[in-house]
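J.: need coordinates for the following:
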Amino acid sequence: MVIFPVAYVAQQGISQTTEKEWYEYFMKTGEACKSNTCRLGDSTCECYLTIEHALTMIYTGQGKQAVHLKIEKGKAVRSDNGKEFERSLEETFILADGYKSRIVIAVNGRFPGPTITARENQEVIVHVRNLMHTDSTTIHWHGLHQKRSPWSDGVAFVTQCPILPGQSYTYKFNAKPFGTSFYHAHIGDQRSMGLYGPLIIIPTPGQKVVMPQEGDKVFVAIIQDWNHNDDADTSYQKMLFGDFDSSGLINGRGRFYSSSTFHNDVPLERFEVEKNEDYRFRVISAATLYPFRVFVEGHRPIYILASDGFEIEKKEVESFIIHPGERIDFLLNADSKIGTYLLVAETLEVYSENEYHAAEAIIHYKTADIQLTPQKVTPHTCESSGITCRVFNCPFNQYPSKENRICVNFNNVTSNDPNSNPDEIKSDEVVEMFFNFAFPGENGYTPGSVNGHQFLPPTIAAYAQPDLVDYTCDACNASTICECTYAVTIDKDNKDKVYQFVITNIGGGANWSHPVHLHGHSFYVMKMAFATYDSDGQLVPNGGQDTIDIICPDSKKFCSDAKWRNESWTNGKHPDLNWHNPPQKDTIIIPSGGYVIIRFKADNPGVWFFHCHIDLHNTNGMGMIINESPNSQPKVPNNFPKCNSFENDAWKVHSSWLQVILQLLFTTLLSILQLF
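T.: I've put the predicted structure just below:
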């Protein structure tokens, strides 16, 4: 007779277990969700996540003595005797890029965290347990709108207090909209240490969407830039001073290139395909800093299907660029010669002669022998005669002419999503607001900011304790930079008004393109406008949009009080907006020197974070709060946790008396000295 563990029996739906036993069960399996939930027809999707620190390049052996690992010929083996492991076991190892052993944050013992797959409109219930010894955390469900559950959005000090070590927190929210999303930490820079995982919402049957949506012909590839710093704070400090080196990971694995050609043979993620079959790749950027250009070796073209979960008209391209926080789905036809190929995501950098930063994964035809250590991809040359390469989602207007690449941006795509309804934002009563995401300032003080406001997080959970938030930003004006809890209130009367945000990246602080993410909403991309470039792909001096369409009235070019140069464009009357099924997104790149116009209906009362999704820029202050319909925001659940700074009033009294006594003693001593 086989004796099953209690948790295993419970997973088969035979009996109930305690929450602790569920947590422990999923720690052993590396999965996340109960098997009798999350299915077609289930009303709920219930999952458990345990957050804890772990080390790369070490196998803990499920309670046995830990084994240090080393890399040999594309495999992770025992460092003491070189013995190989079964592939199913090796696939559970946390390797990252194989460069020494460093600390990471694991979810249910996995890096990245396990995929959560729910069905559209299910109630998702996720229990999160923090077993880190010293770090607090929160989890944000990136791309989910959190209608009627804003306290589950997971932003530390905005929608909740951090989950302290040893504590747990249960998130409940509706699985909508469908598509490719992900979950990740939203406190400090913990995402840079690996606290993230895929979140896939499957559409309800019968909708007009591109297939496949699930099954063995759908792959998830989550990308991260990876560094060799021991913690997130080190990464942040190095970013401030321009000392940030990285490689790239796909699904937690990548090869470290010690030179432009030599790598360390780390085992890569594998995707197995069959000849002439179509495959959907859900690509997620959990990157901390860099955008990546993604392509498939030996397979052209690929077809863009969706962005940020929203389906768009199929676009044939050679490659696409994905920025932190974005998700892009593409279709691959496995029509090349059977063999081993690489899925490649190269960082958008100007490399020195002897460096290379890329994330790689193996695409392997099932009937061919696999190459575990394939060579670095030879760059594809786009020919001037014949096919010119098309690159989707460039953060600039054009490549240098000699590269023969054409940029395709969101001005050039249309929505094909069954949930899109652009008629809802075709209003003549539009509230227009300008927000400049940049690094303006002077005298060495150029923090990340929005309209010159460097964001200072509240010391309480702003949504649950609105009366305790200090939103005072009186020190800021058009010609100063200040630090405060910057917030803008919209739709105070809850009339579902249409808002048009003009998101700029202009003026003296425009030196990096920013992927800007709006919580609580998706939006329609009405217009992208770029700076002026020359034929070599270089920005023309003074060629930003602050010299073309927009005026920055301040003399210091902080552009915190921008407005249209042509006054007839105000209040939503820009003459060149896209009204033909504009694409929907929740994260959009704001090009350096340019701007993007978005529209959305204010139909989701809550306190929503609006920020750059480059983790290190966000930590530096490039974010703000959108306080939507404050008079209609739903009340938090009973016993919702609250937090605050603590000051001992008794100490204040004693301190005041102590100051008086010390002052009297000083005055007396001074009088005595004067007598001499």
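J.: and residue 408, what is it in contact with?
T.: 315, 317, 390-394 (Cβ atoms under 8 Å, 6 or more residues apart in numbering). Glycine gets a C-beta too; all of them are placed from N, C-alpha and C.
J.: scratch that, residue 416
T.: Residue 416 neighbours (Cβ under 8 Å, 6+ apart): 210, 311-314, 581.
J.: next one: residue 533
T.: So residue 533 contacts 396-398, 539-540, 543 (Cβ under 8 Å, 6+ apart).
J.: in CSV: the residues you listed, plus neighbour count.
T.: Shown next, in CSV, are those (neighbours: other Cβ atoms under 10 Å):
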residue, neighbour count
396, 21
397, 18
398, 16
539, 18
540, 12
543, 16
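J.: between these, which is closest to residue 69?
T.: Nearest to residue 69 among these is residue 396, at 41.0 Å by Cβ to Cβ.
J.: now do the contacts for the closest one.
T.: Counting by Cβ under 8 Å, 6+ apart, residue 396 makes contact with 407, 513, 530, 533, 537, 591-592.
J.: is it fair to say it lies in a strand?
T.: No. Counting by DSSP: H, G, I helix; E, B strand; the rest coil, residue 396 is not part of a strand but coil.
J.: hey, where'd the helices end up in the stretch 151-300 of the chain?
T.: 232-240 (DSSP state H, counting those that start in this stretch).
J.: any weak-confidence spans in it?
T.: 230-233, 235-245 (pLDDT under 70).
J.: could you do the stretch 551-676 of the chain as well?
T.: 649-676.
J.: the stretch 301-450 of the chain now?
T.: Applying pLDDT under 70 to the stretch 301-450 of the chain flags the ranges 385-387.
J.: which parts of it are strands?
T.: 302-307, 310-317, 319-322, 327-333, 340-347, 358-365, 389-392, 405-408, 430-438, 449-450 (DSSP state E, counting those that start in this stretch).
J.: I'd like the distance between residue 612 and residue 142.
T.: Computed as Cβ to Cβ, to the nearest Å, the residue 612 to residue 142 distance reads 14 Å.
J.: more neighbours: the two, which one.
T.: residue 612 (28 against 25; other Cβ atoms under 10 Å).
J.: beta-bridge partners for the more buried one, please?
T.: Legend: beta-bridge partners of residue 612 under DSSP bridges are residue 516.
J.: domain assignment for this structure?
T.: 16-57+95-202, 218-412, 422-632 (the TED database).
J.: those: which one's closest to residue 78?
T.: The nearest among the domains of the chain, by Cβ to Cβ, is domain 16-57+95-202 at 11.5 Å.
J.: neighbour-wise, which of the contacts of residue 408 leads?
T.: Across the contacts of residue 408, neighbour numbers were computed from other Cβ under 10 Å; residue 392 holds the maximum, 27 neighbours.
J.: find the nearest non-adjacent residue to the most centrally placed residue in the chain, please.
T.: Centroid check for the chain by Cα atoms, centre = their mean gives residue 325 as the closest residue, at 3.0 Å. Of all residues not flanking residue 325 in the chain, residue 613 sits nearest, at 3.2 Å (Cβ to Cβ, 6 or more residues apart in numbering).
J.: could you tell me how many residues sit around the one you found?
T.: 27.
J.: isn't it right up against residue 515?
T.: Yes. Residue 613 sits in contact with residue 515 when judged by Cβ atoms under 8 Å, with a separation of 4.6 Å.
J.: mind listing the helices for the stretch 501-650 of the chain?
T.: Going by DSSP H, counting those that start in this stretch, the stretch 501-650 of the chain shows helices at 615-619, 649-675.
J.: tell me what the first one is packed against?
T.: Going back to what we said before, that points to helix 615-619. Counting contacts by 3 or more Cβ pairs under 8 Å, 6 or more residues apart in numbering; DSSP states H and E, helix 615-619 packs against helix 232-240.
J.: from the contacts of residue 408, pick the one nearest residue 370.
T.: Set against residue 370, the nearest of the contacts of residue 408 by Cβ to Cβ is residue 317 (27.5 Å).
J.: for that closest one, which residues are in contact?
T.: Residue 317 neighbours (Cβ under 8 Å, 6+ apart): 301-304, 390-392, 408.
J.: can you give me the strands for the stretch 551-676 of the chain?
T.: 563-564, 584-585, 587-590, 595-601, 606-612, 623-628.
J.: to residue 105, which of the ones you listed lies closest?
T.: Short answer: strand 606-612, nearest of the strands of the stretch 551-676 of the chain by Cβ to Cβ, at 20.7 Å.
J.: what angle do strand 623-628 and the closest one make with each other?
T.: With axes from the mean of the first three to the mean of the last three Cα atoms, to 10 degrees defining the directions, strand 606-612 sits at 150 degrees from strand 623-628.
J.: show me which residues of strand 606-612 are buried.
T.: Across strand 606-612, burial judged by 16 or more other Cβ atoms under 10 Å covers 606-612.
J.: ok now that strand, how far from the chain's centre?
T.: Strand 606-612 has its C-alpha centroid displaced from the chain centroid by 13 Å (Cα atoms, centre = their mean, to the nearest Å).
J.: tilt between it and strand 430-438?
T.: Using the same axes, to 10 degrees, the inter-axis angle of strand 606-612 relative to strand 430-438 is 40 degrees.
J.: which other helices and strands contact strand 606-612?
T.: Applying 3+ Cβ pairs under 8 Å, 6+ apart, one finds that strand 606-612 makes contact with strand 514-518, strand 623-628.
J.: with distance to residue 146 and mean neighbour count added, can I get those strands in TSV?
T.: As requested, the helices and strands packed on strand 606-612 are exported to TSV (distance: least, Cβ to Cβ, whole Å; neighbours: other Cβ atoms under 10 Å):
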stretch	distance to residue 146	mean neighbour count
strand 514-518	12	24
strand 623-628	12	24
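J.: for residue 536, see how far away residue 509 is.
T.: Distance of residue 509 to residue 536, computed by Cβ to Cβ: 24 Å.
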